[in-house]
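1. Give me coordinates for this.
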Amino acid sequence: MSAVVNSNMDADPTPSQVAAFFDVDHTLLACNSARKWVEYLWRNGKISVAATLRSVWWLAKYRLSVLDYEDVTKKVLADYAGQSVAELRAEIEAWFHSDVEPWICVEGRERVEWHRAQGHVLVLLTSGTFFSVEPLQEILGIPHLVCTQLEMEEGKLTGNYYPPSCFGPGKLRAGLTFAEQHGIDLDRSYFYTDSYSDRPMLDRVGHPKITNPDPRLKAWAQRRGMAWEQWHPQGVDPTQAVPPGGAASKPSAPKTVGGQA
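-> Here you go, the predicted structure:
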């Protein structure tokens, strides 16, 4: 099993439901949570200089959508082998509320609520793990979480995960599995993301939505005449940060993207 599904709703599929899938980093969050975690580890003396530089290099490659995510996932998780799940979960939850929660996008909150009002099934679809995403799931009241699944034994991490990760083609596979289990009509559903690596899922849904795009996704969207939205954390004036060729976001209904309403 490649992705974990965390749901507080019974899996009782109703045919032709519409879903709104949301990526997390640079989509619902106006930051990269992995970078924030590395910064936290550095401030608290929990990471070496070499490991920090390695992480920064990986993060740069990730933003450019040229990262070998499976290889990096293996290397990162190996460092957590033997760690208590309960202790790490508590530490990450406290870190999220102090360092990451202020970066939740205002427009992201509004869009989640718009979809909720339409009766759409809300899903976080992310390459991250439940550790870093569950706090966001709780804050936004999103019933479903689909993410990379970690291997655990007797309350501890083994340092392994169940491949493929919920990234790129693996994210599409996880999305397709969720749709099958919950009676989702992907041709009528939405997917919000910033990442070129998510093109497989963008191509599959009827309403692809691009937010805060990375350079490759922005170029791809421009070549196709697709609009994108710039979302902002609380306290940022969106009228002062509209990208050339992009589209300022509205607080209510989703914009037209690539001819999709």
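
2. What segments of this structure are helices?
-> 33-43, 49-63, 69-78, 85-95, 106-117, 130-140, 169-182, 199-204, 215-223 (DSSP state H).

3. I'd like those as JSON lines, with distance to residue 235 and mean neighbour count appended.
-> The way it works is simple: take the backbone N, C-alpha and C, and place the C-beta from them, glycine included. JSON lines is the format used below for the helices of the chain (distance: least, C-beta to C-beta, whole Å; neighbours: other C-beta atoms under 10 Å):
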{"stretch": "helix 33-43", "distance to residue 235": "17", "mean neighbour count": "17"}
{"stretch": "helix 49-63", "distance to residue 235": "23", "mean neighbour count": "14"}
{"stretch": "helix 69-78", "distance to residue 235": "31", "mean neighbour count": "16"}
{"stretch": "helix 85-95", "distance to residue 235": "20", "mean neighbour count": "15"}
{"stretch": "helix 106-117", "distance to residue 235": "9", "mean neighbour count": "18"}
{"stretch": "helix 130-140", "distance to residue 235": "17", "mean neighbour count": "20"}
{"stretch": "helix 169-182", "distance to residue 235": "30", "mean neighbour count": "19"}
{"stretch": "helix 199-204", "distance to residue 235": "29", "mean neighbour count": "18"}
{"stretch": "helix 215-223", "distance to residue 235": "24", "mean neighbour count": "16"}
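
4. Compare those and report which one is nearest to residue 230.
-> helix 106-117 (8.4 Å; C-beta to C-beta).

5. Lowest average pLDDT across the helices of the chain?
-> Mean pLDDT values for these show the minimum at helix 49-63, a mean of 75.

6. So which elements touch it?
-> helix 33-43 (3 or more C-beta pairs under 8 Å, 6 or more residues apart in numbering; DSSP states H and E).

7. can you give me the end-to-end distance of stretch 43-55?
-> Using C-alpha to C-alpha, to the nearest Å, the end-to-end distance of stretch 43-55 comes to 15 Å.
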